[in-house]
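A.B. asks: What follows is a protein structure lacking sequence information:
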């Protein structure tokens with residue numbers, strides 16, 4: 001007779017070998033399989049809002065906080081490589097349909113991985129494989145080798161979603177643990193916010209999702225009265241979804257990227273650190289699974 005306690009112990013995995021044998025298995029999956037990774041998305045309905053820079057700076061800050069991060073760029077021109085100083089181990093995936101760079105974001109304390117699909121027609125499939133990594137990407141596991149090379153379980157995965165790709169962001173909105181929406185501080189930010197809020201209200205599964213996006217003003221100059229007025233107008237539309245801090249212009253970022261040390265003296269150090277604090281503090285559903 002199996003007692004209720006023993007049955008509960010079996011179901012909850014107290015005896016993993018027994019569970020494996022009972023299921024007819026002769027091998028237990030490795031520690032990286034079945035792993036769950038908190039998912040952060042960075043997306044803007046507005047072009048030039050600094051999505052890639054903010055995604056990379058967030059990865060850098062999480063690395064400074066002892067995190068191990070996977071940064072995935074969905075399309076674009078592989079700008080994320082610049083933040084690794086073009087250094088690291090190059091990995092080709094699925095015959096070159098995707099590529100990875102495993103190394104360190106310059107100045108970061110921990111290793112990180114950068115993923116990018118080189119095929120514009122494969123972005124949707126690439127995203128599916130990231131959100132459900134048990135699905136192969138063109139016949140190959142997308143994340144398994146990457147995690148082995150990182151040497152430890154990732155603390156976060158950050159998705160860099162191209163500007164204006166509402167379709168991609170909508171698909172991630174029901175699985176993301178934290179969503180960041182940068183806005184360039186100009187008049188078009190108001191139009192972009194109105195358009196995005198309208199789309200969100202139409203998509204019931206997004207509107208009801210428990211994670212509320214955080215909007216962050218980028219390139220904000222407090223000495224400009226127009227920027228102050230734009231901020232007030234956005235507060236009226238977004239309320240507490242607008243972050244209490246803004247990111248000022250960083251005139252030296254290009255020079256820092258060219259030197260291979262983008263965050264050594266960058267304005268993004270402080271402000272990406274504030275974003276990282278929000279991400280770390282946020283409760284995580286951790287629904288990205290490698291099983």
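C.D. replies: Yep, it's here. Remember, it's a predicted structure, so these values are computed and weren't measured experimentally.
A.B. asks: Quick one: the strands in the stretch 151-291 of the chain, in order.
C.D. replies: Using DSSP state E, counting those that start in this stretch, the strands found in the stretch 151-291 of the chain span residues 156-160, 178-184, 214-218, 288-289.
A.B. asks: ok, the residue nearest to the spatial centre of the chain - contacts?
C.D. replies: Per C-alpha atoms, centre = their mean, the C-alpha nearest to the average position across the chain is that of residue 158, at 1.5 Å. Applying C-beta atoms under 8 Å, 6 or more residues apart in numbering to residue 158 gives the contacts 40-42, 55, 58-59, 69-72. In short, each C-beta sits where N, CA and C put it, glycine included.
A.B. asks: what about 6 Å?
C.D. replies: Listed by C-beta atoms under 6 Å, 6 or more residues apart in numbering, the contact set of residue 158 reads 40, 55, 59, 71.
A.B. asks: Out of these, name the ones that lie in strands.
C.D. replies: Taking DSSP state E, the ones among those that sit in strands are 40, 71.
A.B. asks: Could I get the contacts of residue 158 in a markdown table, plus columns for distance to residue 151, neighbour count and pLDDT?
C.D. replies: Shown next, in a markdown table, are the contacts of residue 158 (distance: C-beta to C-beta, whole Å; neighbours: other C-beta atoms under 10 Å; pLDDT from 0 to 100):
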| residue | distance to residue 151 | neighbour count | pLDDT |
| --- | --- | --- | --- |
| 40 | 21 | 28 | 93 |
| 55 | 22 | 29 | 92 |
| 59 | 17 | 32 | 88 |
| 71 | 17 | 28 | 93 |
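A.B. asks: now the contacts of residue 158 in JSON lines, with distance to residue 215?
C.D. replies: Output for these, formatted as JSON lines (distance: C-beta to C-beta, whole Å):
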{"residue": "40", "distance to residue 215": "15"}
{"residue": "55", "distance to residue 215": "15"}
{"residue": "59", "distance to residue 215": "20"}
{"residue": "71", "distance to residue 215": "21"}
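A.B. asks: ok, back up a step: mean pLDDT and distance to residue 83 for the strands of the stretch 151-291 of the chain - can I get that in JSON lines?
C.D. replies: Shown next, in JSON lines, are these (pLDDT from 0 to 100; distance: least, C-beta to C-beta, whole Å):
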{"stretch": "strand 156-160", "mean pLDDT": "92", "distance to residue 83": "11"}
{"stretch": "strand 178-184", "mean pLDDT": "93", "distance to residue 83": "16"}
{"stretch": "strand 214-218", "mean pLDDT": "93", "distance to residue 83": "16"}
{"stretch": "strand 288-289", "mean pLDDT": "38", "distance to residue 83": "22"}
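A.B. asks: Those into TSV, with extra columns for distance to residue 272?
C.D. replies: Below are the strands of the stretch 151-291 of the chain laid out as TSV (distance: least, C-beta to C-beta, whole Å):
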stretch	distance to residue 272
strand 156-160	11
strand 178-184	10
strand 214-218	10
strand 288-289	22
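A.B. asks: I'd like to know which of the ones you listed lies nearest to residue 252.
C.D. replies: The closest of the strands of the stretch 151-291 of the chain to residue 252 is strand 214-218. By C-beta to C-beta, the value is 15.6 Å.
A.B. asks: which other residues reach that closest one?
C.D. replies: So strand 214-218 is in contact with 49-50, 180-185, 238, 241-243, 246-247, going by C-beta under 6 Å, 6+ apart.
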